[in-house]
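S.K.: What follows is a protein structure lacking sequence information:
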């Protein structure tokens with residue numbers, strides 16, 4: 001099965017998700033920054049898989065496949081966790097009655113954000129090894145994929161966590177909306193005094209991002225959980241599950257087309273579009289706002305100036321080259337000839353000429369210097 005659209009959109013998504021990055025780096029929105037990293041990772045994985053395995057299913061990049069299948073396994077949890085972290089922060093701001101936070105409170109919040117957004121998804125990705133029956137399989141037109149052993153450990157260790165994080169994020173989102181509605185008249189002042197660096201527009205864009213990720217991800221994660229919960233098998237033990245760990249199955253596109261309407265295949269296709277869709281929404285929320293457009297204008301100006309500078313360098317320029325220097329006592333008429341021999345500057349050494357006046361008039365204190373400048377074109 002070949003999908004040219006996902007190749008195009010996943011490639012574009014890799015670029016779009018990076019454009020607002022400098023703005024969030026300056027604002028230190030750590031949950032959003034980690035969200036960008038996850039979206040970039042999943043879109044890169046989808047793009048490389050789709051391009052490299054477009055018309056083949058050979059296992060020729062095994063290390064990439066190992067990384068790719070783990071990213072695919074953990075992306076649902078990662079996006080839901082980032083949504084939870086963003087909504088948690090917004091709820092805390094909306095409910096806060098304190099003017100500012102101490103440095104200790106900021107450090108605690110940073111640690112919590114990193115744990116929720118980065119460490120928790122990595123733990124889920126690591127635990128997925130337990131019910132992972134095969135290292136991976138390669139599907140023509142799709143790329144590297146993985147199937148977990150249909151059992152209770154797979155549900156408890158992997159599939160349930162995106163739904164759990166999404167449910168908690170929904171609660172925090174409702175809390176943020178409730179406090180905003182209760183304090184909407186003084187909300188702008190509250191944001192200004194909170195020292196978070198957020199204005200009303202940024203607050204609502206963050207809220208929109210977190211909730212769109214929920215609206216897109218929650219139904220898909222629920223569908224995956226329900227589908228993987230059907231016909232569970234009894235857990236036979238870790239050793240039995242990993243008996244064929246080293247066997248890499250290579251699946252042709254024709255074999256996939258026979259099962260196009262299979263639930264598992266359909267969910268795999270939808271999951272492939274998960275990253276590009278969220279990246280496009282992310283760009284719409286943060287990539288076309290006034291701050292971002294101002295940033296793009298600055299980039300364009302720097303690029304244009306650098307190009308002009310290189311163009312002028314290649315076209316040639318005048319470089320001054322010192323030629324002859326003559327020194328005379330102060331007050332002398334420069335039209336009066338002297339017996340001083342003009343000496344050029346040679347090898348970077350300046351030679352002061354010996355002076356005497358033809359008329360014999362005594363020199364007044366001080367000295368004046370005349371410099372002849374030659375210009376050479378390079």
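M.R.: Now that the structure is in, tell me what you want to look at. What you are looking at is a predicted structure, and each value in this text was computed from that prediction instead of being measured.
S.K.: which one is residue 41 nearest to, not counting chain neighbours?
M.R.: If the residues on either side of it in the chain are set aside, residue 41 comes closest to residue 71, at 5.2 Å by Cβ to Cβ, 6 or more residues apart in numbering. For the C-beta atoms, the positions are set from N, CA and C on the backbone; glycine is no exception.
S.K.: Settle this for me: the one you found is touching residue 42, isn't it.
M.R.: Yes: judged on Cβ atoms under 8 Å, residue 71 makes contact with residue 42 at a distance of 5.8 Å.
S.K.: In terms of neighbours, single out the busier of these two.
M.R.: residue 42 (29 against 20; other Cβ atoms under 10 Å).
S.K.: for the more buried one, what are its contacts?
M.R.: Residues near residue 42 by Cβ atoms under 8 Å, 6 or more residues apart in numbering: 71-72, 75, 274-275.
S.K.: check which helix or strand covers it.
M.R.: In this assignment (DSSP states H and E), residue 42 forms part of helix 30-52.
S.K.: Quick one: name whatever helix or strand follows that helix.
M.R.: Downstream of helix 30-52, the first helix or strand assigned by DSSP H and E is helix 62-95.
S.K.: residue ranges of the helices in the stretch 101-250 of the chain, please?
M.R.: All helices of the stretch 101-250 of the chain, identified by DSSP state H, counting those that start in this stretch, fall at 103-114, 120-127, 152-154, 161-182, 187-193, 200-228, 238-241.
S.K.: Show the average pLDDT along the fourth one.
M.R.: Okay, so that is helix 161-182. Averaged across helix 161-182, pLDDT comes to 92.
S.K.: which other residues reach that helix?
M.R.: 76-77, 79-81, 83-84, 86-88, 90-91, 93-95, 120, 124, 187, 207, 210-211, 214, 217-218, 221-222, 224-225.
S.K.: Tell me which two in the contacts of residue 42 are the farthest apart.
M.R.: Taking Cβ to Cβ, the two most distant members of the contacts of residue 42 are 71 and 274; they sit 11.4 Å apart.
S.K.: circling back: what's the spacing between the residue nearest to residue 41 and residue 145?
M.R.: 12 Å (Cβ to Cβ, to the nearest Å).
S.K.: And residue 293, by the same measure?
M.R.: Residue 293 sits 39 Å away from residue 145, going by Cβ to Cβ.
S.K.: repeat for residue 255
M.R.: From residue 255 to residue 145 the distance is 13 Å (Cβ to Cβ).
S.K.: what about the two, which has more around it?
M.R.: Counted by other Cβ under 10 Å, residue 255 and residue 145 do not tie: residue 145 has more neighbours, with 21 against 13.
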